[in-house]
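# predicted structure and sequence below. I'll ask about it afterward.
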Amino acid sequence: MSLTNKILLGMLLGIVVGVIFNLILGVDEVNKIPTTPHGQWLQTFVINGVLDAIGQVFVASLKLLVVPLVFVSLVCGAASLGGHSRMGALATKTMALYLLTTALAIALAMGVAVIVQPGGDVDMALASSFEAPTAPSVKDTFVGIFPSNPIQAMAEGNMLQVIVFSILFGVAIARTGGTIGANMAAFFENLNQVVLKMVMLLMQLAPYGVFCLLVKLFASLGFGAILDLAKYFFTVLFVLMLHGLGVYGVLLRTFSGLNPVIFFRKMWKVMVFGFSTASSNATLPITMRTVEHDLGVDNKVSSFSVPLGATINMDGTAIMQGVATVFIAQAYNIDIGIAGYLMVILTATLASVGTAGVPGVGLVTLAMVLQSVGLPVEGIALIIGVDRFLDMVRTAVNITGDATVSVIVAKSEDMLDETRFHNMKLNAETDPV
């Protein structure tokens, strides 16, 4: 069985076992704790003990590689492009496409939500108290992009600062030239191969980590929370799938002329990874490996576009914000009008870049969006119950967007190996680095 099928099997078994555990636990709806001794033992020692520990170790192992992979890969790409006249164009295209897809995502989400009316019958008592996180100012966000201490930025996982330092370091290597520049570039190329080999080693543990993560999630979640907000839940889910498969497929065909079916078949395992970890950063090593090896994107493009996308590209989050804004406006019976909807599109698109790297970024940006059109921030409390599962789907959409933009940019810059893209026998899981 291939590793992709093993991961898929682990995901399905995790969901089934988690639902069975949820039924066995017999959770008290008032106190949210198991009512039987067997249920308490199962929750304490199996679900919150063994399975949670294995799942956390798996995610931590993936995150372990994020900073070294981004730094080393981006230094290699910037060193190769350091004297290249197209570096500015490449960066501009990447940023423009990320902003375009985010704007399309939130516009689509709001259009569907206006038609479906998910907030028509909502119990407002759920939103009795909610404290919105404080969003940083535009000035603080802009200044925070530039590192004063690159080692501190790496230790804290501040990916925008790591990206800026990596690009500067790579360009400096290219401009140094001569024997010193060549030796440094060769060192980082070799180091990049070692890091990619570490990615391949950790991928072998993925089926077990995915299984444990999903068992814990579905054992604690149950279906009660989803049923209570079914209309909102399925509206967001529908738009996420429509954007992730339809919009990205159309963009790929329109701007690159490539076959979206081949693209999605090769991205399937990465989407499963993103769904199970609910973290673009944790999935980033797998995304980069697949984009370069399976899709044929040149490292000069992927080393810049994929880490940047994992940091600022939040199409899935933008979709949630669009539907949630309409949902909360309908729940409170507030009409924000056409101008309000346009303001939401603008605010959410800019916020996808402006609040990158902030913990709880989805709630931060949603609070900003609601405040921009005068809606009560307390309404966020209405959707928290089902947000965990939707966050997993949003992550799968986000990383698919990262790969789509990378392929489009690489194709426009003649940095895409189309033979590799169309070769369905390629397998980044088993092929040597």
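Structure's in. What do you need? Residues are numbered from 1 along each chain as shown.

# buried residues in the helix or strand hosting residue 21?
Using DSSP states H and E, residue 21 maps to helix 3-25. When burial is assessed from 16 or more other CB atoms under 10 Å, helix 3-25 yields the following buried residues: 3-4, 6-8, 10-11, 14, 17-19, 21-22, 25. Quick note: C-beta positions are derived from backbone N, CA and C, even for glycine.

# give me the element the residue nearest to residue 399 when sequence neighbours are not counted is part of.
Across the structure, with CB to CB, 6 or more residues apart in numbering as the measure, the residue nearest residue 399 apart from its sequence neighbours is residue 274 (4.5 Å). Under the criterion of DSSP H and E, residue 274 resides in helix 260-277.

# next SSE after that helix?
Taking DSSP H and E as the definition, the helix or strand that follows helix 260-277 towards the C-terminus is helix 280-293.

# and the next helix or strand after that next one, what does it pack onto?
Tracing the chain past helix 280-293, the next element assigned as helix or strand by DSSP H and E is helix 299-312. Helices and strands touching helix 299-312, by 3 or more CB pairs under 8 Å, 6 or more residues apart in numbering; DSSP states H and E, are helix 66-81, helix 87-116, helix 159-176, helix 280-293, helix 384-412.

# which one of those lies closest to residue 189?
Proximity to residue 189 (CB to CB) singles out helix 66-81 among the helices and strands packed on helix 299-312, at 5.7 Å.

# how about the CA coordinates for the closest one, as PDB?
Listed in PDB are the C-alpha atoms of helix 66-81, where the atom choice follows Å, rounded to 0.1, in the frame of the first residue of the first chain:
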ATOM      1  CA  VAL A  66       9.600  24.300   9.200                       C
ATOM      2  CA  VAL A  67      12.200  26.900  10.100                       C
ATOM      3  CA  PRO A  68      15.200  25.000   8.800                       C
ATOM      4  CA  LEU A  69      13.400  24.000   5.600                       C
ATOM      5  CA  VAL A  70      12.200  27.600   4.900                       C
ATOM      6  CA  PHE A  71      15.500  29.200   5.700                       C
ATOM      7  CA  VAL A  72      17.700  26.700   3.800                       C
ATOM      8  CA  SER A  73      15.400  26.400   0.800                       C
ATOM      9  CA  LEU A  74      14.800  30.200   0.500                       C
ATOM     10  CA  VAL A  75      18.600  30.900   0.800                       C
ATOM     11  CA  CYS A  76      19.200  28.500  -2.100                       C
ATOM     12  CA  GLY A  77      16.500  30.000  -4.200                       C
ATOM     13  CA  ALA A  78      17.500  33.600  -3.500                       C
ATOM     14  CA  ALA A  79      21.200  32.800  -4.100                       C
ATOM     15  CA  SER A  80      20.200  31.300  -7.500                       C
ATOM     16  CA  LEU A  81      18.000  34.400  -8.300                       C
END
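
# let me see the mean pLDDT of it.
Predicted confidence along helix 66-81 averages 78 (mean pLDDT).

# swap in stretch 230-246?
Averaging pLDDT residue by residue across stretch 230-246 gives 91.

# buried ones in it, by neighbour count?
Counting neighbours by 16+ other CB under 10 Å, one finds that the buried residues in stretch 230-246 are 231-233, 235-237, 239-240, 243-244.

# low-confidence ranges, the stretch 201-350 of the chain, go.
Applying pLDDT under 70 to the stretch 201-350 of the chain flags residues 221-228, 350.

# 80 - rerun?
Confidence mapping of the stretch 201-350 of the chain against pLDDT under 80 gives the ranges 201-203, 206, 214, 217-229, 276-282, 311-312, 332, 346-350.

# excluding chain neighbours, what is closest to residue 75?
Residue nearest to residue 75 in three dimensions, not counting chain neighbours: residue 170, with 4.3 Å by CB to CB, 6+ apart.

# show me the contacts for the closest residue in space to residue 209 that isn't next to it in sequence.
On the basis of CB to CB, 6+ apart, the spatially nearest residue to residue 209 that is not a chain neighbour turns out to be residue 58, at 2.7 Å. By CB atoms under 8 Å, 6 or more residues apart in numbering, the residues touching residue 58 are 205-206, 208-210, 212-213.

# just the element for residue 58, please.
Per DSSP H and E, residue 58 falls inside helix 52-64.

# may I see the buried residues of that helix?
Quick answer for helix 52-64 (16+ other CB under 10 Å): 52, 54-55, 58-59, 61-63.

# the helix holding residue 21 vs helix 260-277, what angle?
40 degrees (axes from the mean of the first three to the mean of the last three CA atoms, to 10 degrees).

# can you count the residues close to residue 2?
Taking other CB atoms under 10 Å as the criterion, the count of residues near residue 2 is 11.

# list the contacts of the closest residue to residue 48 other than its chain neighbours.
Take residue 48 and drop its neighbours on the chain: the residue closest to it by CB to CB, 6+ apart is residue 216, 7.5 Å away. Taking CB under 8 Å, 6+ apart as the contact definition, residue 216 lies against 18, 47-48, 51-52, 55.

# can you check residue 185 too?
76, 79-80, 173-174.

# what about it, which helix or strand?
Following DSSP H and E, the helix or strand that holds residue 185 is helix 178-203.
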